[in-house]
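Engineer: Just need the structure, nothing else, for what follows:
(2 chains)
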Amino acid sequence: RKEVEQDPGPFNVPEGATVAFNCTYSNSASQSFFWYRQDCRKEPKLLMSVYSSGNEDGRFTAQLNRASQYISLLIRDSKLSDSATYLCVVAGTGGFKTIFGAGTRLFVKA
Amino acid sequence: IAGITQAPTSQILAAGRRMTLRCTQDMRHNAMYWYRQDLGLGLRLIHYSNTAGTTGKGEVPDGYSVSRANTDDFPLTLASAVPSQTSVYFCASSDSLAGGPGANVLTFGAGSRLTVL
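Structural biologist: Below is the predicted model:
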């Protein structure tokens, strides 16, 4: 079993749609959780951190369920510019224990 | 602009040749990392360094070596390249001594696309 698992997609949605991505992790000792965004042929960039209480940044909402070892990302009112690969990231103590999921591809169409 | 600079951007290399990918950061981050990214496999850690003068092995270290002579530079060397090392290589850094979840936030360079024939 992979340490961090994501549905690879692709998710094809129309503009304005709401889309949700899920991610599960296997190490219950994981301490930090993130979503990164990666555009085609570009480097990954931090989208948002994920906290147990849930957090929101504009159209993006991230949730963490430690009991189920599950992370989610919700995108509301999808824009064409949201088309990218979204990487679920789980970290332990120190950055070298950071584990990346393989990513979920999103295509938003007009 | 603060960040990470990688070189070369892309390279085609004959099998058996030696190659060094360069990585320089100007954020004074203590920790640096090399990842490779392959389709369907995501990002896999090759080597890391928590501070200047120390290095460690990641998930896929075989065939690669690194050095960390100072805070800013973290070169990755392929001593004798093989076709399976064809990949996109990303260098990253983090301020892992910072408190809280920010310690695990990675900043990436733009990547080096390597093709070994």
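
Engineer: Any idea how many residues pack against residue A:29?
Structural biologist: Using other C-beta atoms under 10 Å in any protein chain shown, residue A:29 has 7 other residues around it. Bear in mind the C-beta positions are built from the backbone N, C-alpha and C, glycine included.

Engineer: That one reaches residue A:90, doesn't it?
Structural biologist: No: applying C-beta atoms under 8 Å, one finds residue A:29 not in contact with residue A:90, separated by 10.2 Å.

Engineer: For chain A, see how far away the residue nearest to the spatial centre of chain B is.
Structural biologist: In chain B, the residue lying closest to the centroid (C-alpha atoms, centre = their mean) is residue B:34, at 2.3 Å. According to C-beta to the nearest C-beta, to the nearest Å, residue B:34 and chain A sit 11 Å apart.

Engineer: Give the bridge partners for that residue, please.
Structural biologist: Taking DSSP bridges as the rule, residue B:34 bridges to residue B:47, residue B:91.

Engineer: what's near enough to touch it?
Structural biologist: Contacts for residue B:34 (C-beta atoms under 8 Å, 6 or more residues apart in numbering or on different chains) come out as B:21, B:23, B:45-48, B:58, B:64, B:66, B:74, B:76, B:89-92.

Engineer: What's the separation between it and residue A:64?
Structural biologist: 28 Å (C-beta to C-beta, to the nearest Å).

Engineer: does residue A:52 count as helix, strand or coil?
Structural biologist: coil (DSSP: H, G, I helix; E, B strand; the rest coil).

Engineer: Kindly tell me how buried it is, as a neighbour count.
Structural biologist: Per other C-beta under 10 Å, the neighbour tally for residue A:52 reads 10.

Engineer: Can you give me the pLDDT of it?
Structural biologist: Per-residue pLDDT puts residue A:52 at 81.

Engineer: How about it, nearest residue that isn't a chain neighbour?
Structural biologist: residue A:64 (5.2 Å; C-beta to C-beta, 6 or more residues apart in numbering or on different chains).

Engineer: Please check which residues sit opposite the one you found as beta-bridge partners.
Structural biologist: Going by DSSP bridges, residue A:64 forms beta bridges with residue A:71.
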